[in-house]
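Enquirer: Structure for the following, please:
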Amino acid sequence: MLEKVSTGHSELDHVVDHLRLGDNVVWQIDDLERYRQYVSLFVKQAVAQKRPLYYFRFGSHRPLISSEIEPDAVTICKPRADSGFESFASEVHSLIRQAGKGAFYVFDCLSDLLESWSSDLMIGNFFRITCPYLFKLDTVAWFCLMRGQHSFDTIARIRDTTQLLLDLYHIGGHDYLHPLKVWQRYSPSMFLPHSLDENSCQPLTSSADAAALFASVQTRAQQAERQIDFWDRLFLTAEQASQICEQQDPESDPYCRRIFDRLCSLLIGDSVQIVELVRRWLTLSDLIDISRRQIASGKIGGKAVGMLLSRKIADPLMSTDSVLRPEPHDSYYLGSDLFYTYIVHNDCWQLRMEQKTPEGYFTKAAELQQQILHGSFPESIRERFQQLLEYYGQSPIIVRSSSLLEDDFGNAFAGKYESIFCAGQGTPEDRAEKFEQAVRQVYASMFDESALMYRFQRGLDTRDEQMALLVQRVSGSYHGNK
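Expert: Next up, the predicted model:
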């Protein structure tokens, strides 16, 4: 049986039957200051027991661990969230690996990662790869999320992965704790709401008291924003602002410029030359239109950006010529975050990290490629795929690579990654399977030997190469079965 350890709060220990080595504890909170008090109790207990204690400091909020704690008692780690998901997650895992077994951890509020990633999807991915790794090393780790700031899907993924999920409410000057998940532990009152302070944790056994509490909680929840992905909320806000911004010069209006630059950074990237072209030729409405045709968050990749820019530049030249006039634009984009989601969903993250090392760059690629070719997609993503296929109907489509490095200045990647033709024939189920397999094949082509060598020879082997995809309707007319 795993060793029992304390939360630092004796009455809370009684409610959850203590913590166990391996536990990840996630608190959903509405008041960071109140949560900090319970972090302090946990930290003081860990220091008193001389546990190796690490604090991952990446948020913009006030530090969770008090400066009163003696400096030598806690190791402060500062991974950079703005370096991107892969670099951030890799650095965190490296620090955890160095700490070894039995360490205790406090993480800054995960909701602050939205400032850098703008995506609940990636916060869910980070937790799904970090929690099992901490569990395997017999650690105890505390995380928190701000209630109402994350999508239902993200909370569901975290609930499925963590060992303890606790709701902490601060209402009417009092704290209330509601355990939602306590893995492999049970008592008749464990999952009741509890009145909580620094010295007691008493269950609300009266139905009247519980009903009054949750009535108050429900009223507060109704006032919160709808729990959709932060990415979607961001673009909804941009849509509301677009009418104002389109009537003004984005270059001269700070508000319009700020919104445009934020969306440009999220969808396009930070290549100076590409961004200059985007600012010159695309409007805020153009960027919003991308999000309407995007599955999953993240950038749309070099090829997709190149196609958008070339079309925009050529439009004035061709719009008056009936022969040259192009077909209406109706491409779809699979955001680069979907690539990481697929890797995480199919338990390929550790293998991906091994492949990124100098020793594993070539030697681990074939194994990773095979796992990618035989993986599955989350149901929520498969439903989005189905909507895409319903849009195209039985028209033939092509699934094209559009990686972050592809078609950038100096790196054409011509012929290095796959493009897969889908004939658009067969039952909806057949077409769905063929489309999913096409996505797998494009993802897997990142690890073809020729693609690996191309990146290696150009010094790109250590860069984060995410694969976005561009889906296009094939031009032409239907000619029966011939």
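Enquirer: could you say which helix or strand contains Lys181?
Expert: Using DSSP states H and E, Lys181 sits in strand 174-182.
Enquirer: And for Gly269?
Expert: Here Gly269, judged by DSSP H and E, is contained in no helix and no strand.
Enquirer: Chain neighbours aside, what residue packs nearest to it?
Expert: Counting by C-beta to C-beta, 6 or more residues apart in numbering, Lys299 is the residue found nearest to Gly269 once chain neighbours are left out, at 5.4 Å. For glycine as for every other residue, the C-beta is placed from the backbone atoms N, C-alpha and C.
Enquirer: How about the secondary structure of that neighbour?
Expert: Under DSSP: H, G, I helix; E, B strand; the rest coil, Lys299 falls in the coil class.
Enquirer: Could I get the pLDDT score of it?
Expert: pLDDT recorded at Lys299 is 94.
Enquirer: pLDDT below threshold where in the stretch 201-350 of the chain?
Expert: Along the stretch 201-350 of the chain, the parts satisfying pLDDT under 70 run over 218-227, 245-252, 318-327.
Enquirer: can you do 50?
Expert: Filtered on pLDDT under 50, the stretch 201-350 of the chain yields the residue ranges 222-225.
Enquirer: need the helices for it, in chain order.
Expert: For the stretch 201-350 of the chain, the helices defined by DSSP state H, counting those that start in this stretch cover 207-223, 230-246, 254-267, 272-281, 284-292, 302-318, 336-345, 349-355.
Enquirer: Just give me how far the last one sits from the chain centre.
Expert: Using C-alpha atoms, centre = their mean, to the nearest Å, the mean C-alpha position of helix 349-355 is found 18 Å from that of the whole chain.
Enquirer: which element follows that helix toward the C-terminus?
Expert: Next along from helix 349-355, by DSSP H and E: helix 365-373.
Enquirer: Rounded mean pLDDT for the next helix or strand after that following helix, please.
Expert: Following helix 365-373 in sequence order, the next helix or strand is helix 379-392 (DSSP H and E). Here helix 379-392 scores 94 as its mean pLDDT.
Enquirer: quick one: contacts for the most centrally placed residue in the chain?
Expert: Centrality entry for the chain: nearest residue to the mean C-alpha point is Met122, 0.9 Å, by C-alpha atoms, centre = their mean. Going by C-beta atoms under 8 Å, 6 or more residues apart in numbering, Met122 touches Phe85, Leu113, Ser297, Asp337, Tyr340.
Enquirer: go on, Glu418?
Expert: Ser401, Gln441, Val442, Ala444, Ser445.
Enquirer: what's it sitting at in phi/psi?
Expert: Dihedral pair for Glu418: phi -80, psi 150, per degrees, to the nearest 10.
Enquirer: Any figure for the gap between it and Ile398?
Expert: According to C-beta to C-beta, to the nearest Å, Glu418 and Ile398 sit 11 Å apart.
Enquirer: Could you do Ser477 as well?
Expert: Distance, Ser477 to Ile398, using C-beta to C-beta: 16 Å.
Enquirer: And for Phe85?
Expert: For Phe85, the distance to Ile398 - C-beta to C-beta - is 28 Å.
Enquirer: do the same with Met190
Expert: For Met190, the distance to Ile398 - C-beta to C-beta - is 54 Å.
Enquirer: How about Thr162?
Expert: For Thr162, the distance to Ile398 - C-beta to C-beta - is 41 Å.
Enquirer: and the two? which has more neighbours close in?
Expert: Legend: neighbour count by other C-beta atoms under 10 Å for Thr162 and Ile398, higher for Thr162 (22 against 14).
Enquirer: Let me see the contact set for that one.
Expert: Asn24, Val25, Val26, Phe127, Cys131, Phe143, Lys181, Trp183.
Enquirer: could you redo the last one with a cut-off of 10 Å?
Expert: Counting by C-beta atoms under 10 Å, 6 or more residues apart in numbering, Thr162 touches 23-26, 127-128, 131, 135, 141, 143, 180-181, 183.
Enquirer: which two from the contacts of Met122 end up farthest apart in space?
Expert: Leu113 and Tyr340 (13.6 Å; C-beta to C-beta).
Enquirer: Which residues are in contact with each of these two?
Expert: Common contacts of Leu113 and Tyr340, defined by C-beta under 10 Å, 6+ apart, comprise Phe85, Ser119, Met122, Phe126.
Enquirer: Most neighbours out of those, which is it?
Expert: Met122 leads those on contacts (other C-beta under 10 Å) with 29 neighbours.
Enquirer: Which strand or helix spans that residue?
Expert: Secondary-structure assignment from DSSP H and E places Met122 in helix 120-136.
Enquirer: Could I get the buried residue list for that helix?
Expert: 120-135 (16 or more other C-beta atoms under 10 Å).
Enquirer: do stretch 32-44 as well
Expert: Result for stretch 32-44 [16+ other C-beta under 10 Å]: buried residues Leu32, Tyr35, Arg36, Tyr38, Val39, Ser40, Leu41, Phe42, Val43.
Enquirer: got TSV for those, with secondary structure, distance to Gln371 and pLDDT too?
Expert: As requested, the buried residues of stretch 32-44 are exported to TSV (DSSP: H, G, I helix; E, B strand; the rest coil; distance: C-beta to C-beta, whole Å; pLDDT from 0 to 100):
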residue	secondary structure	distance to Gln371	pLDDT
Leu32	helix	39	95
Tyr35	helix	38	96
Arg36	helix	41	95
Tyr38	helix	40	95
Val39	helix	38	96
Ser40	helix	43	94
Leu41	helix	43	94
Phe42	helix	38	96
Val43	helix	39	95
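Enquirer: and Gln37, what does it touch?
Expert: His9, Asp31, Ser66, Asp175, Asp197, Glu198.
Enquirer: Wait, a strand at it?
Expert: No. If the criterion is three-state DSSP, then Gln37 is helix and not within a strand.
Enquirer: so how far is Leu114 from it?
Expert: Counting by C-beta to C-beta, the gap from Gln37 to Leu114 is 24 Å.
Enquirer: Convert the C-alpha atoms of the host helix or strand of Glu436 to CSV, please.
Expert: Assigned by DSSP H and E, Glu436 belongs to helix 428-444. Presented in CSV, the C-alpha positions along helix 428-444 are these (Å, rounded to 0.1, in the frame of the first residue of the first chain):
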residue,chain,number,x,y,z
PRO,A,428,-20.1,8.4,-45.2
GLU,A,429,-18.3,5.9,-43.0
ASP,A,430,-15.9,4.9,-45.9
ARG,A,431,-15.2,8.6,-46.6
ALA,A,432,-14.5,9.3,-42.9
GLU,A,433,-12.1,6.4,-42.6
LYS,A,434,-10.2,7.4,-45.8
PHE,A,435,-10.0,11.0,-44.6
GLU,A,436,-8.7,10.0,-41.1
GLN,A,437,-6.1,7.8,-42.7
ALA,A,438,-5.0,10.6,-45.0
VAL,A,439,-4.5,12.8,-42.0
ARG,A,440,-2.4,10.1,-40.3
GLN,A,441,-0.3,9.6,-43.5
VAL,A,442,0.5,13.3,-43.7
TYR,A,443,1.4,13.4,-40.0
ALA,A,444,3.6,10.3,-40.4
